[in-house]
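1. when you get a sec, could you give me coordinates for this:
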Amino acid sequence: GMLHGGSRCDGHREGVRALERVARAARLLGVRQLTVFALSTENLRARPRAEITALLALLREFLADESVARMRRDKIELSFAGELRALGAHAYALIRRHDLAHQKRNAASADALTLKVALNYGGRAELVAAVRELASRVQRDELDPADISESTLVSALQIESAPDVLIRTGGHRRLSNFMLYQSAYTELVFRDELWPAFGREELAAALCEFQQRTRNFGAVH
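-> Residues are numbered from 1 along each chain as shown. Model (predicted):
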């Protein structure tokens, strides 16, 4: 969602601020992994070129900015998921450089938060890419089809971990092609606030709702 009364680009900028704000709040609330759906494959195709150009400029600005270093100091480690090459050579090179630095530092302390940003991501496309990857491994005689298990498939996904809770903002009541495979047993929490207005209070309320449910129902799916 975008801020009412602002341009889309203003909305994207506010969205980036919300990303930092929510990541800091999540770490303080004891969350260890946070994945944020920043740009879907469908949006990348459907949005006007000028808006996508502005969004990618914002991404480059964000990665070059002090904000990433500041987050690192606050024990927030940033990584990316999605079809990243399609974002263009410049953005892809920046992301790769950032991800390699992240991997080298990956002895993250126990209380660090891993913030994964999904860019040009779609749950169905992720499954297709994983199937393609496994098929090519079979073709190269590196994998026996009889050995393909759930864990083999998960290892080929762009996002491997299954979330405990998925929070959908903006009053929508659907997954919108996000983490389809991973969310099989995930608790879904729906909030009416638009993402740019989301912050610590809203996150705490969503997590409170999730904890209330898990206390009531235990491990029963």
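2. run through the neighbouring helices and strands of the longest helix anywhere in the chain.
-> The single longest helix within the chain, with elements called by DSSP state H, is helix 8-28. Helices and strands in packing contact with helix 8-28 are listed as strand 33-40, helix 49-64, helix 66-73, strand 76-81, strand 113-121, helix 200-217; criterion 3 or more Cβ pairs under 8 Å, 6 or more residues apart in numbering; DSSP states H and E. No exception for glycine: its C-beta is placed from N, CA and C like everyone else's.
3. state the mean pLDDT of the last one.
-> Looking back up the chat, that one is helix 200-217. Confidence over helix 200-217, taken as the mean pLDDT, stands at 89.
4. do the same with the first one
-> Mean pLDDT, computed over strand 33-40, is 93.
5. ok, it: who's next to it in the sheet?
-> Using DSSP bridges, strand 33-40 pairs in its sheet with strand 113-121 (parallel).
6. ok, and what's touching the strand it pairs with?
-> 19, 23, 26-27, 31-41, 44, 59, 71, 75-84, 86-87, 95, 108, 158-159, 178 (Cβ atoms under 8 Å, 6 or more residues apart in numbering).
7. what residues of stretch 14-34 count as buried?
-> Residues 14-16, 18-20, 22-27, 31, 34 are the ones in stretch 14-34 that count as buried (16 or more other Cβ atoms under 10 Å).
8. convert the C-alpha atoms of stretch 44-60 to PDB, please.
-> Provided in PDB are the C-alpha atoms of stretch 44-60 (Å, rounded to 0.1, in the frame of the first residue of the first chain):
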ATOM      1  CA  LEU A  44       7.800  -5.500 -11.700                       C
ATOM      2  CA  ARG A  45       6.000  -6.400 -15.000                       C
ATOM      3  CA  ALA A  46       2.900  -4.300 -14.400                       C
ATOM      4  CA  ARG A  47       4.200  -1.000 -13.000                       C
ATOM      5  CA  PRO A  48       5.200   1.800 -15.300                       C
ATOM      6  CA  ARG A  49       8.900   1.800 -16.300                       C
ATOM      7  CA  ALA A  50       9.500   5.200 -14.700                       C
ATOM      8  CA  GLU A  51       8.200   3.900 -11.300                       C
ATOM      9  CA  ILE A  52      10.400   0.800 -11.500                       C
ATOM     10  CA  THR A  53      13.400   3.000 -12.400                       C
ATOM     11  CA  ALA A  54      12.700   5.200  -9.400                       C
ATOM     12  CA  LEU A  55      12.300   2.100  -7.200                       C
ATOM     13  CA  LEU A  56      15.600   0.600  -8.300                       C
ATOM     14  CA  ALA A  57      17.300   4.000  -7.800                       C
ATOM     15  CA  LEU A  58      15.900   3.900  -4.300                       C
ATOM     16  CA  LEU A  59      17.300   0.400  -3.700                       C
ATOM     17  CA  ARG A  60      20.800   1.500  -4.900                       C
END
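9. Glu193 versus the residue in the chain sticking out farthest from the centre, what's the distance?
-> If you look at how far each residue of the chain sits from its centre, by Cα atoms, centre = their mean, the farthest one is Asp141, at 32.8 Å. Distance, Asp141 to Glu193, by Cβ to Cβ, to the nearest Å: 52 Å.
10. list the buried residues in the lowest-mean-pLDDT helix or strand in the chain.
-> The weakest-scoring helix or strand in the chain, judged by mean pLDDT, DSSP states H and E, is helix 89-104 (a mean of 80). For helix 89-104, the neighbour count (16+ other Cβ under 10 Å) marks Ala91, Leu94, Ile95, His98, His102 as buried.
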